[in-house]
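Participant: no letters, just coordinates:
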Ligand code: HEC
């Protein structure tokens, strides 16, 4: 009798282990599954007056948050780019990047593509990045595009 009870307990424990499995580890920033969804809700903010920051800092932030789509060198060829239509912008294209003002870059990074009439596949970063970090990114974009 005792053995049978023990067996039942062992069996139950074995069956339950699947359901009790630890949840998958969360990534530091929860990249949304649905394009266009902001990871963290945020309100659009007024555009700061000075939009230039530290390009070296921007490079680090870019590698962390932008390179997966825009590519490590900014050419729009990141690992996630293949499945995207439209394709992520080529940030080394001087003619195109030169046509975008700093205010436009701030708006599109802060509020996402939808904030400037572009594709929502360009996700909003205002809930993740500070104004200083967005300024750093703008300076980095100016550096790699030579604009
Ligand atoms: C999930 C993929 C993805 C990530 C991550 C991403 N982008 Fe984009 N981005 C896009 C796509 C797609 C477009 C093209 C939108 C269009 O042409 O309608 C784009 C366009 C842009 C543009 C051009 C906007 C314009 O007016 O043409 C800028 C600037 C930009 N992204 C900056 C960034 C920065 C900076 C980051 C990191 C903070 C970033 N993106 C992260 C997908 C992404």
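Facilitator: The structure has been received and is ready for your questions. Note that this is a predicted model, so its numbers are computed, not measured.
Participant: for residue 136, give its distance to the ligand.
Facilitator: According to Cβ to the nearest ligand atom, to the nearest Å, residue 136 and the ligand sit 10 Å apart. In short, each C-beta sits where N, CA and C put it, glycine included.
Participant: with residue 84 instead?
Facilitator: 5 Å.
Participant: can you report phi and psi for that residue?
Facilitator: phi -100, psi 140 (degrees, to the nearest 10).
Participant: which residue sits closest to it in space, ignoring its chain neighbours?
Facilitator: Spatial nearest neighbour of residue 84, excluding adjacent residues (Cβ to Cβ, 6 or more residues apart in numbering): residue 121 at 5.3 Å.
Participant: quick one: neighbours of the one you found, just the number.
Facilitator: 19 (other Cβ atoms under 10 Å).
Participant: repeat for residue 117
Facilitator: 7.
Participant: pLDDT score for it?
Facilitator: Listed pLDDT for residue 117 reads 95.
Participant: if I look at residue 55, how far off is the ligand?
Facilitator: For residue 55 relative to the ligand (Cβ to the nearest ligand atom), the value is 12 Å.
Participant: what residues are up against that residue?
Facilitator: 136, 139, 140, 142, 143 (Cβ atoms under 8 Å, 6 or more residues apart in numbering).
Participant: what pLDDT does the spatially closest residue to the second one that is not a sequence neighbour get?
Facilitator: By that I understand residue 139. Excluding the flanking residues, the one nearest residue 139 by Cβ to Cβ, 6+ apart is residue 55, at 4.1 Å. pLDDT recorded at residue 55 is 98.
Participant: quick one: low-confidence parts of this structure?
Facilitator: For the chain, applying pLDDT under 70 flags the ranges 1-44.
Participant: find the centremost residue of it, please.
Facilitator: residue 65 (4.5 Å; Cα atoms, centre = their mean).
Participant: pretty sure it sits against residue 129.
Facilitator: Yes. Using Cβ atoms under 8 Å, residue 65 is in contact with residue 129, at 7.2 Å.
Participant: what does the protein put close to the ligand?
Facilitator: 65-66, 68-70, 80, 84, 86, 88-89, 100, 105, 108-109, 113, 116, 118-119, 121-123, 125, 137 (Cβ under 6 Å from any ligand atom).
Participant: any of these buried? List them.
Facilitator: 65-66, 69-70, 88-89, 100, 105, 108-109, 113, 119, 121-123, 125, 137 (16 or more other Cβ atoms under 10 Å).
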